[in-house]
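Enquirer: Sequence and predicted structure, then a few things I'm wondering about:
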Amino acid sequence: MSELHVINHPLICHKLSIMRSKDTPSKDFRTLLDEISMLMGYEVTANLPLEDYEIETPICKSIQKRLSGKKPAIVPILRAGLGMVDGLLKLMPNARVGHIGLYRDPETHEPVEYYCKMPPDISERYVIVVDPMLATGGSASDALGMVKKYGAERLVLMCLVAAPEGVKKVMEDHPDVDIFCAALDERLNDHAYIVPGLGDAGDRIFGTK
């Protein structure tokens with residue numbers, strides 16, 4: 001069964017509280033999202049497999065550890081998910097990056113697909129699907145399903161702020177996928193926005209509102 005991991009490190013909590021403020025400008029919002037993504041990356045990648053290999057230090061030969069197999073893949077859900085990629089790439093510069101384009105229909109609040117591009121060997125990689133907001137869970141669930149169609153079997157979902165409704169949706173649809181978030185908020189409002197949330201992450205990242 002999938003698990004929800006709330007990463008409430010003091011630095012993450014502090015930075016997220018600044019992001020929530022409506023007075024935080026886009027430049028600072030982007031910087032904080034990048035920083036939080038990198039901090040969360042330590043937890044999200046904590047179970048990556050390791051293997052032994054031999055090196056020679058200035059003193060002697062030694063058996064040490066390195067990541068085993070292919071490097072992870074990062075798959076942002078466009079467009080807001082793009083704001084989380086660079087933070088993870090700072091930890092894993094050799095990771096591959098796929099892209100999934102989904103938008104939420106303003107009337108039905110259901111996700112609509114418009115783009116999908118994956119690394120050709122994604123089935124062999126540990127896949128981190130990223131999106132700052134897990135609201136209704138529709139977009140995240142669809143995105144995870146799309147990645148699975150390419151053969152991926154080891155997936156996690158990483159988001160900044162989650163609503164209980166979205167967590168429930170993803171766990172029901174994908175009981176094999178763990179969810180990592182920085183905060184589990186109260187609920188969704190009548191417009192399917194997370195409360196208290198931080199508004200529309202895409203608009204705040206790119207300054208489009």
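Expert: That came in fine, so what should we check first? Numbering: from 1, shown residues only.
Enquirer: Could you tell me which residues within stretch 160-171 count as buried?
Expert: 160, 161, 162, 163, 164, 165, 166, 167, 169, 170, 171 (16 or more other C-beta atoms under 10 Å). Every C-beta, even on glycine, is put in place using the N, C-alpha and C of the backbone.
Enquirer: just stretch 196-209 next, same as before
Expert: Quick answer for stretch 196-209 (16+ other C-beta under 10 Å): 197, 198, 199, 201, 202, 204, 205, 206.
Enquirer: now the helices for the chain?
Expert: 10-20, 26-44, 85-91, 138-149, 164-173, 201-206 (DSSP state H).
Enquirer: other SSEs contacting the fourth one?
Expert: Packing partners of helix 138-149 (3 or more C-beta pairs under 8 Å, 6 or more residues apart in numbering; DSSP states H and E): strand 73-78, strand 99-104, strand 111-117, strand 126-130, strand 154-158, helix 164-173.
Enquirer: residues making contact with the longest one?
Expert: Counting by C-beta atoms under 8 Å, 6 or more residues apart in numbering, the neighbours of helix 164-173 from elsewhere in the structure are 1-2, 4, 134-138, 140-141, 144-145, 157, 177, 179, 184, 186-188.
Enquirer: can you tell me how far residue 76 sits from residue 127?
Expert: Remark: distance between residue 76 and residue 127 (C-beta to C-beta, to the nearest Å) = 11 Å.
Enquirer: Contact partners for residue 176?
Expert: Here residue 176 is in contact with 2, 155 (C-beta under 8 Å, 6+ apart).
Enquirer: Right, I'll call it a day here.
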